[in-house]
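Visitor: dropping a prediction and its sequence here:
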Amino acid sequence: MTGYGVDVFIDAAGVQASFDTGIESLRNGGTAVLVALFGKKVTHDALNQTLRELTIIGTAAYRNIFPEVIALISSGRLPVEKLVTSVIPLEDIVEKGFEVLTKNPSEVKILVAINS
């Protein structure tokens, strides 16, 4: 779709398939940003990274990116509402939140409505 690949990919899924697909999608000189908490080790082709001059960055808790992300959301360039797969009340957080996320890979982001 991009011809030469994307400049940046963000891995928020944290599995081998998303990591591999993201790395493959990068242009030479591109950057991978890992924000997921990987549950299992992933394998990685370091020679491919070196030859393609890829940068891989890991970050926890999205340190230092809030202003940029807020600006992207505010401008409409980052339509985060499309990521929300369910909205649940706070009292259902265990059964309809945590348990569903661990069992159903189609659930991406579950919003918890505090005042419902």
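Guide: Cool, the structure landed.

Visitor: mind giving me the packing neighbours of the helix or strand harbouring Ile88?
Guide: Following DSSP states H and E, the helix or strand that holds Ile88 is strand 84-89. Applying 3 or more Cβ pairs under 8 Å, 6 or more residues apart in numbering; DSSP states H and E, we find strand 84-89 packed against strand 109-113. To be clear about C-beta, it is placed using only N, CA and C from the backbone, and glycine gets the same treatment.

Visitor: tell me the mean pLDDT for the lengthiest strand in the chain?
Guide: Counting by DSSP state E, the longest strand found in the chain is strand 26-34. Rounded to a whole number, the mean pLDDT of strand 26-34 is 96.

Visitor: past that strand, which element shows up next along the chain?
Guide: Using DSSP H and E, the helix or strand that directly follows strand 26-34 along the chain is helix 46-52.

Visitor: for that following helix, which helices and strands make contact with it?
Guide: If contacts are counted by 3+ Cβ pairs under 8 Å, 6+ apart, helix 46-52 sits against strand 26-34.

Visitor: right, I'll leave it there.
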